[in-house]
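K.L.:
Here is a sequence together with a model predicted from it:
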Amino acid sequence: MTATGDTRPGARQARAVVVGGGIGGLTAALALHLRGWRVTVLERARELKPVGAGISLAPNAQRALDVVGLGDEIRSLAAWTGDGGLLTPKGRWLSRADPGLAAERFGRSLVLLHRATLIEKLAARLPADIVRTASGARLADAGDPGDPARPARVVTPQGDLEAELVVGADGIHSAVRGALFPEHPGIAYSGFTTWRVLVPPLGRPFVQHETWGPGRLWGTHPFADGTIYAYAAAMLPPGRTAADGDERAELRRLYGSWHDPIPAILDAVEPGGVLRHDVHHIAEPLPAFHRGRVALLGDAAHAMAPTLGQGGNQAIEDAVVLAHHAAPDAAPDLAGYTRARQPRTAMIARRAMTVSRVNMLGNRPGIALRNGVIRAAGLVGPTLMLRGLDGIADWRPPQRRPHARDAVPGERV
């Protein structure tokens, strides 16, 4: 099945194949669709339903979602982000958060929702025949952007697909990345493991928070319907699992003596309701985010530690920037996409690793010094604590002139 880049009357639409139906892949599919591409999304899983996790959308990702017309709808579904802050395991405040100050500094507040909700809303904006689930994919040929007769080629169980653009959005263990850069060492262990849980409303108010202990942290946040999303992280060797596979018991051992409402949340976790993953990142940056007619985005391009909450946010940014560099009536400017995204994501990945070392310190002198600095910063002014997101949350999408061939006039893709 072959497409061409010619969009003159009577010509076929330029074709894009997106490998991976996660947040970044679906955002890219929507952005490219709005620019006039004929898009196919290939997702290995049988359904578009990520398991048991939330996502915090910073102002930068919200602006990217505005580009594809989804920002207002997502903000309307977001969880309340009221007062909260940073605590010690005994419940002592290190700093307090003020969402109003974040909105004043960056234009918008952080919003939290279930990843499945964001996936659902992105998929609903796409034509029904775009997404193919239970469809594994293998990149057979990256193609040659200088040769119209050599498109990229993807092999699927249903047959080969040829396209002017292939987007590798297939996650941290990306097979597309491996095919493009077989000499790259791949991912590295970040030094810690994480757990995630969802529990029903507790029936009483509580303050959303993140708590930092020795070599460990815990976060508690509500969704808009009252469901509680909690996550934990601990510095541990890779490959470990709880004794007898009981991750609830492991969490009680590590966090059961911490402040309220952590013990109550642990009591509410259903059997089998804990997700545990070792955290990995791309320690050695890729030489580029593209090769031939193929572009990488999200974790496939720049997997990073979750300590800034920017992994999914950066995938959303990638998607709209890629579409910005992909006019359907000319060869996509993938080198321009790499130039736009590689330095920024490398900076954020480095900062995320630095934060992970700070918030999970294990030695008492270091913890005492860190906590003292945080308390002092809070006394100076809450905005001082927001400076860690400077250069990240204030990002704005690239602008371009309206084009007569745009699928949706006025969209800033």
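P.N.:
Thanks, I have it.

K.L.:
contacts, neighbours, all on C-alpha from now
P.N.:
Fine.

K.L.:
and the helix or strand where residue 221 lies, what does it pack onto?
P.N.:
For residue 221, the host element (DSSP states H and E) is strand 216-222. For strand 216-222, the packing partners by 3 or more CA pairs under 8 Å, 6 or more residues apart in numbering; DSSP states H and E come out as strand 208-213, strand 228-235.

K.L.:
Can you add mean pLDDT and give these back as JSON lines?
P.N.:
Formatted as JSON lines, those follow (pLDDT from 0 to 100):
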{"stretch": "strand 208-213", "mean pLDDT": "92"}
{"stretch": "strand 228-235", "mean pLDDT": "96"}
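
K.L.:
so can I have a markdown table of the ones you listed showing mean neighbour count and distance to residue 122?
P.N.:
Formatted as a markdown table, those follow (neighbours: other CA atoms under 10 Å; distance: least, CA to CA, whole Å):
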| stretch | mean neighbour count | distance to residue 122 |
| --- | --- | --- |
| strand 208-213 | 21 | 27 |
| strand 228-235 | 22 | 21 |
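
K.L.:
Select, out of those, the one closest to residue 49.
P.N.:
Of all the helices and strands packed on strand 216-222, strand 228-235 sits nearest to residue 49, with 16.5 Å by CA to CA.

K.L.:
about what we covered before: kindly reformat the helices and strands packed on strand 216-222 as TSV containing distance to residue 340.
P.N.:
Below are those laid out as TSV (distance: least, CA to CA, whole Å):
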stretch	distance to residue 340
strand 208-213	32
strand 228-235	32
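
K.L.:
Determine which of the ones you listed approaches residue 316 most closely.
P.N.:
Closest to residue 316 of those, according to CA to CA: strand 228-235, at 21.5 Å.

K.L.:
pLDDT below threshold where in the chain?
P.N.:
Per-residue confidence for the chain (pLDDT under 70) gives these ranges: 1-11, 51-52, 79-83, 99, 379-386, 401-413.

K.L.:
where's the most centrally placed residue in it, which helix or strand?
P.N.:
Among the residues of the chain, the one closest to the centroid is residue 312, at 0.9 Å (CA atoms, centre = their mean). In this assignment (DSSP H and E), residue 312 forms part of helix 311-324.

K.L.:
export that helix as CSV, just CAs?
P.N.:
Provided in CSV are the C-alpha atoms of helix 311-324 (Å, rounded to 0.1, in the frame of the first residue of the first chain):
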residue,chain,number,x,y,z
GLY,A,311,7.8,12.2,30.3
GLY,A,312,4.2,12.3,28.9
ASN,A,313,4.3,16.1,28.6
GLN,A,314,7.4,16.0,26.4
ALA,A,315,5.8,13.3,24.2
ILE,A,316,2.9,15.7,23.6
GLU,A,317,5.2,18.5,22.8
ASP,A,318,7.1,16.2,20.4
ALA,A,319,4.0,15.4,18.5
VAL,A,320,2.9,18.9,17.7
VAL,A,321,6.4,20.0,16.9
LEU,A,322,6.8,17.0,14.5
ALA,A,323,3.5,18.0,12.8
HIS,A,324,4.7,21.6,12.5
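
K.L.:
so how far is it from its chain's centroid?
P.N.:
9 Å (CA atoms, centre = their mean, to the nearest Å).

K.L.:
Contact partners for residue 61?
P.N.:
313, 314, 316, 317 (CA atoms under 8 Å, 6 or more residues apart in numbering).

K.L.:
repeat for residue 319
P.N.:
Taking CA under 8 Å, 6+ apart as the test, what residue 319 contacts is 24, 25, 27, 28, 31, 297.

K.L.:
Looking at those residues, which two lie furthest apart in space?
P.N.:
31 and 297 (13.4 Å).

K.L.:
ok so, going back, so what's the residue nearest to the centre of the chain up against?
P.N.:
Shown in contact with residue 312 (CA under 8 Å, 6+ apart): 23, 24, 55, 298.

K.L.:
Restricting the selection to alpha carbons, write stretch 212-232 to CSV.
P.N.:
Listed next in CSV are the C-alpha coordinates belonging to stretch 212-232 (Å, rounded to 0.1, in the frame of the first residue of the first chain):
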residue,chain,number,x,y,z
TRP,A,212,10.3,12.7,50.9
GLY,A,213,12.0,10.2,53.1
PRO,A,214,15.4,8.5,53.2
GLY,A,215,15.9,7.0,49.8
ARG,A,216,12.1,7.0,49.3
LEU,A,217,9.2,9.2,48.3
TRP,A,218,5.4,9.0,48.2
GLY,A,219,2.8,11.1,46.3
THR,A,220,-1.0,11.3,46.8
HIS,A,221,-3.3,13.1,44.4
PRO,A,222,-7.1,12.9,43.8
PHE,A,223,-8.8,12.6,40.4
ALA,A,224,-11.9,14.7,39.7
ASP,A,225,-14.2,11.9,40.7
GLY,A,226,-12.5,11.4,44.1
THR,A,227,-10.5,8.4,43.0
ILE,A,228,-7.1,8.6,44.6
TYR,A,229,-3.9,8.2,42.6
ALA,A,230,-0.8,7.4,44.6
TYR,A,231,2.7,6.7,43.6
ALA,A,232,5.9,5.7,45.4
